[in-house]
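**Q** sequence plus predicted model, see below.
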Amino acid sequence: MSSESRGRVRARGLVRWESALVVILIAVVLFGVAESSTFWSTTTIFFGGLDIGQVAIMALPMTMIILTGEIDLSVASMLGLGCAVFGYAFEHHTGVVGAMLIALAVGAIGGALNGFLVARVGLPSIAVTIGTLTMFRGIAEILLGQSEVSGFPPSLEQIGIAPIFLHLAYPFFFFLVLAAIYGVVVHRTAFGRSLYAIGLNTEAAFFAGIRVRRTKFLLYVVSGVICAATGIIYSLQAASAIYTAGTGLELNVVAVVLFGGISIFGGRGSVIGVVLSVIIVGLTEVAFTTINISSQEQQVIFGGLLLLSVVVPNVGEVRNRIRGRVRRAAPPVSAGGGL
């Protein structure tokens, strides 16, 4: 099969998955409306967006990274570090703007560390980011310990209690704005096309003139900055900065991205799929809360979602890889008929 034919097959598979997400979204809405007369309301829109907001924002840089065949498991710890640095700097009289800039700079440095080890040194991204996951959280704990920093300007604390355009929560509104930017970059620019090329075949992308290492390095830096910014948003939303902010959210971020149709192998998926996935997960959480499903039961369900999101969109890819291994392992057939 030619590369053009494979591209058409992948495109059709992606459209089918995005269509399935639309059907799932409709089913979730119908389920929520059937279970609660108040489900489809401005309150649901606001709190659904507020609950999923941090995960949604971090899912965007994760989307780009996974498209290249890498991963960043330190995103939630960077959120916590950004939150801690923002609170620590604010407590030490740098002012709100100064504290924000310092937190964003720390995010860029943390992302650059990930990018250097993955892109320049060539270490496995999963090993690197598991290590920095622990390191970032440890630095956050050193900065704040068990204390909380509060007293932010009341106008900024509106992020957590007041809606914005169309009753959307501030974090979700920020996500939609970023998603529009990411959508244009990923699907309408040469840089976005290079991400798919790297994910499909890194070596071929390199020989095609794509600066693979620089691209991956940049993606990790951007991820660090956006996750640190999410930590700032968390601080203002909760009206306090704590080092435990975002603990455990990294797997939620990965699940949302993969459920949106981004291939764990890289090179396939779309931003619109991730947006649909975020909306589905946010509304599902609200629906589950409405019918009193416990947090433990929700963890089991979303764990199954993570497995489903890995297996279903990538069945064809896994099948092709297995066939390729079988062909390589099979002994060569002799041209002769016998002895």
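**A** All right, it came through fine.
**Q** what ranges do the strands span in the protein?
**A** Shown for the chain, no strands are assigned by DSSP state E.
**Q** which residue is nearest the centroid of it?
**A** A59 (2.0 Å; C-alpha atoms, centre = their mean).
**Q** quick one: that one and V278 touch, right?
**A** Yes: shown here, A59 and V278 form a contact pair, counting by C-beta atoms under 8 Å, at 6.3 Å. The C-beta positions use only the backbone N, C-alpha and C, and glycine is treated the same way.
**Q** which neighbours do the two have in common?
**A** 256, 260 (C-beta atoms under 8 Å, 6 or more residues apart in numbering).
**Q** ok, Y196 touching L67?
**A** Yes: here Y196 reaches L67: they are 6.3 Å apart, a contact under C-beta under 8 Å.
**Q** pick out whichever of the two has more residues nearby.
**A** The neighbour count for Y196 versus L67, taken as other C-beta atoms under 10 Å, is higher for L67 (27 against 19).
**Q** tell me who's in contact with that one.
**A** Each residue near L67 by C-beta under 8 Å, 6+ apart is listed here: 186, 195-196, 198-199, 262, 266-269.
**Q** from I109, how far out is the residue nearest to the centre of the chain?
**A** 22 Å (C-beta to C-beta, to the nearest Å).
**Q** against S36, how distant is A84?
**A** According to C-beta to C-beta, A84 stands 37 Å off from S36.
**Q** tell me which of those two has more neighbours.
**A** The neighbour count for A84 versus S36, taken as other C-beta under 10 Å, is higher for A84 (29 against 16).
**Q** so who does L200 touch?
**A** L200 sits in contact with 266-268, where contact means C-beta under 8 Å, 6+ apart.
**Q** ditto for L166
**A** I45.
**Q** could you do S235 as well?
**A** S235 neighbours (C-beta under 8 Å, 6+ apart): 83, 86-87, 149, 152, 241, 245.
**Q** helices - which of those residues land there?
**A** Among these, DSSP state H puts 83, 86-87 in helices.
**Q** where in this structure is pLDDT low?
**A** Applying pLDDT under 70 to the chain picks out residues 1-15, 309, 312-339.
**Q** and the helices in it?
**A** According to DSSP H, the helices that the chain contains are 3-35, 42-67, 75-91, 95-115, 125-144, 154-157, 170-188, 190-200, 202-207, 212-238, 249-259, 271-290, 295-311, 315-329.
**Q** looking at those, which one is packed in the most?
**A** helix 75-91 (a mean of 28; mean count of other C-beta atoms under 10 Å).
**Q** may I have that one exported as PDB, CA atoms only?
**A** Backbone C-alpha positions of helix 75-91 (Å, rounded to 0.1, in the frame of the first residue of the first chain) are rendered in PDB as follows:
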ATOM      1  CA  VAL A  75       2.300  18.100  33.300                       C
ATOM      2  CA  ALA A  76       0.300  17.900  36.500                       C
ATOM      3  CA  SER A  77       3.400  18.300  38.600                       C
ATOM      4  CA  MET A  78       4.400  21.300  36.600                       C
ATOM      5  CA  LEU A  79       0.900  22.700  37.300                       C
ATOM      6  CA  GLY A  80       1.600  22.200  41.000                       C
ATOM      7  CA  LEU A  81       5.100  23.800  40.700                       C
ATOM      8  CA  GLY A  82       3.600  26.700  38.800                       C
ATOM      9  CA  CYS A  83       1.000  27.100  41.500                       C
ATOM     10  CA  ALA A  84       3.600  26.900  44.300                       C
ATOM     11  CA  VAL A  85       6.000  29.400  42.600                       C
ATOM     12  CA  PHE A  86       3.200  31.800  41.900                       C
ATOM     13  CA  GLY A  87       2.100  31.700  45.600                       C
ATOM     14  CA  TYR A  88       5.700  31.900  46.900                       C
ATOM     15  CA  ALA A  89       6.600  34.800  44.700                       C
ATOM     16  CA  PHE A  90       3.300  36.600  45.600                       C
ATOM     17  CA  GLU A  91       3.900  36.000  49.300                       C
END
